[in-house]
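Sequence and predicted structure below; questions after.
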Amino acid sequence: MFDPTIALCVIVLAQAEPLPSSDGTNPSQPPVHPGVAEGGEEVEVSILGERVASPIDVDLLATLDLSATSGGASSPKSGAYLLDLTVTADLGALDLVPGGVVFADLQYYDWFGDDPSAVGDYGVWDVINPVLGEQLFQLSELWWEQALGSGWTARAGKIDANRFFATVRVAGPFLTVADAMPPTMFGYMPTYPNPAMGVMASWQSAEDLAASETGGWSAQVGVFDGTNMAFNPASGSNGPRTGSRGPGSLFDGDWGPYFVAEGGPTYRVNGWRGDATIGGWLQSGDTLTETDLGSNIVHNAAGGYVTVTQDLHAPEEVGTRFDVWCQLGFSNPNQSPAAFSASLGTICHAPLPGRDNDSAGFMVSTLSMSDNPNVYVAPSGDSGGQETQLEAFYRIDLGHGVVLQPDIQYIFNPGGGSPATTEDALIGTLRIEVLF
């Protein structure tokens, strides 16, 4: 399963030229905007801690998760790793296209030991696990961004939709996917491991909405290739999956467009930034839902979500400070395995004296599973029920691009089911990140 040749090639490529970093986030976690300066300015980036200015930003982020589980479906002990090689080119700084940016993301994932999915949960306790049961090596993203003026920005290409939609601005370091997007969107949203071709437009009322003292409004809309969840009568199944494909599936007649839109205000409370977003999504056309007990064809699967994030500090504050968030997700239980989801969490920055770059966090999430046996069946063989997850971490910044993150999770009723028969799972993980 581990292919040292591919891993070595990627690492050699990373060392061949100095590699600057982006914002330090894992693009698979939820991906956030890669964040290069607009208007032709050079981007401040780092090379293992050294600051440089460059119009082309190249990152290699290596993430290794070593985990042991007590309980769950089979108490797995596993290791998993993800290599992310990203390139961001500021076309304005290169004197090519003012306001233009090109972004690409090449990903390689593999695991060893027991299958990480053997915990049996639905909420995906480790965000780097693509839940494919096999290694992954693909060009996950390649897209163009263009600033259009008056607050408008357009993007086109192969895009991870969760980089922009249903994100939780102040979350990210948690392992579970529930801090990245509502589990009610699993499978349908074109995100890791299945980004897809798409076009989208974004608008904000202020040029720098994050720094605006009065706040403002923002909105965005996108349409993506929904082939991953589009029923193909010729094969009798959904797909093929879009993560390893380019634009070809757009023209095969079964691409089932995926539409998503969101918007809301950015506001200030005593100088503290807050954001509220309401969004909705639609998988147009037919989708096959299938379990061990039966199958069903659903038409125009849809859902919605609400996200609220709040800084509990002013932007200029240093020292110990907190952010909080909550996110709700809704979908039709006859169309989606998770009918309702809720997550609530907090992150503490600089939790200890002298550890300004460390962070700690705690969150709780819960899912209500579909009681339609043609849509969802738990590992126990029953549908319905709830799954609830607690997670806590401490993130230790060792400098020079190296991070250690001990993490612990407790999952009540992994996979749900009514009655729930799968043993609760306690998962301990050590995450190691190296940014070249």
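Sure, I can see it.

how about the strands in the stretch 51-200 of the chain?
56-72, 77-90, 100-113, 136-149, 152-159, 196-204 (DSSP state E, counting those that start in this stretch).

CA-only coordinates of the second one, as PDB, when you get a sec.
Taking C-alpha atoms only, strand 77-90 is exported to PDB below (Å, rounded to 0.1, in the frame of the first residue of the first chain):
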ATOM      1  CA  LYS A  77      -4.700   0.600  14.900                       C
ATOM      2  CA  SER A  78      -3.500   2.400  11.900                       C
ATOM      3  CA  GLY A  79      -1.300   5.000  10.300                       C
ATOM      4  CA  ALA A  80      -2.300   7.300   7.400                       C
ATOM      5  CA  TYR A  81      -0.400  10.000   5.500                       C
ATOM      6  CA  LEU A  82      -1.300  12.700   3.000                       C
ATOM      7  CA  LEU A  83       1.200  14.700   0.800                       C
ATOM      8  CA  ASP A  84      -0.100  18.000  -0.500                       C
ATOM      9  CA  LEU A  85       1.900  19.700  -3.200                       C
ATOM     10  CA  THR A  86       0.300  23.100  -4.000                       C
ATOM     11  CA  VAL A  87       1.300  25.900  -6.400                       C
ATOM     12  CA  THR A  88      -0.200  29.400  -6.300                       C
ATOM     13  CA  ALA A  89       0.800  31.800  -9.100                       C
ATOM     14  CA  ASP A  90      -0.100  35.500  -8.800                       C
END
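
Could you check the angle it makes with strand 56-72?
Counting by axes from the mean of the first three to the mean of the last three C-alpha atoms, to 10 degrees, strand 77-90 points 160 degrees away from the direction of strand 56-72.

In this structure, where is pLDDT below threshold?
Residues of the chain meeting the criterion pLDDT under 70: 1-53, 249, 251-254.

Helices of that one, start to end?
4-16 (DSSP state H).

Would you mind giving the strands of the stretch 51-200 of the chain as a markdown table with distance to V127 and mean neighbour count added?
Placement of C-beta: from N, CA and C, glycine included. Shown next, in a markdown table, are the strands of the stretch 51-200 of the chain (distance: least, C-beta to C-beta, whole Å; neighbours: other C-beta atoms under 10 Å):
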| stretch | distance to V127 | mean neighbour count |
| --- | --- | --- |
| strand 56-72 | 9 | 20 |
| strand 77-90 | 9 | 21 |
| strand 100-113 | 11 | 20 |
| strand 136-149 | 13 | 18 |
| strand 152-159 | 18 | 19 |
| strand 196-204 | 19 | 20 |
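
among these, which is nearest M229?
Using C-beta to C-beta as the measure, strand 196-204 is the one of the strands of the stretch 51-200 of the chain that comes nearest M229, at 10.2 Å.

Note down every partner strand of the closest one and its orientation.
In the sheet, strand 196-204 lines up against strand 152-159 (antiparallel), strand 216-224 (antiparallel) (DSSP bridges).

Extract the C-alpha trace of the first one and format it as CSV.
Provided in CSV are the C-alpha atoms of strand 152-159 (Å, rounded to 0.1, in the frame of the first residue of the first chain):
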residue,chain,number,x,y,z
TRP,A,152,-16.7,40.5,-7.6
THR,A,153,-14.4,37.5,-8.1
ALA,A,154,-14.8,34.6,-10.6
ARG,A,155,-13.2,31.2,-10.5
ALA,A,156,-13.2,28.3,-13.0
GLY,A,157,-11.5,25.0,-13.3
LYS,A,158,-11.3,21.9,-11.1
ILE,A,159,-12.2,23.2,-7.7
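
tell me the angle of it relative to strand 100-113?
Using the same axes, to 10 degrees: strand 152-159 against strand 100-113 is 40 degrees.

Please apply the same query to the longest one.
With the same axes, to 10 degrees as the criterion, the two stretches strand 216-224 and strand 100-113 enclose an angle of 70 degrees.

residues making contact with strand 216-224?
159, 161, 164-165, 190, 196-206, 209, 257-266 (C-beta atoms under 8 Å, 6 or more residues apart in numbering).

mind checking how far that strand is from the chain centre?
Taking C-alpha atoms, centre = their mean, to the nearest Å, one finds the center of strand 216-224 at 17 Å from the center of the full chain.

Same check on the first one?
The chain centre lies 17 Å from the centre of strand 152-159; the measure is C-alpha atoms, centre = their mean.

contacts for it?
The contact list for strand 152-159 (C-beta under 8 Å, 6+ apart) reads 139-148, 164, 190, 195-203, 222, 224, 246.

For the spatially closest residue to G239 that is not a sequence neighbour, the count of nearby residues, please.
Computed as C-beta to C-beta, 6 or more residues apart in numbering, the closest residue to G239 that is not its neighbour in sequence is N228, at 6.0 Å. Counted with other C-beta atoms under 10 Å, the neighbours of N228 add up to 28.
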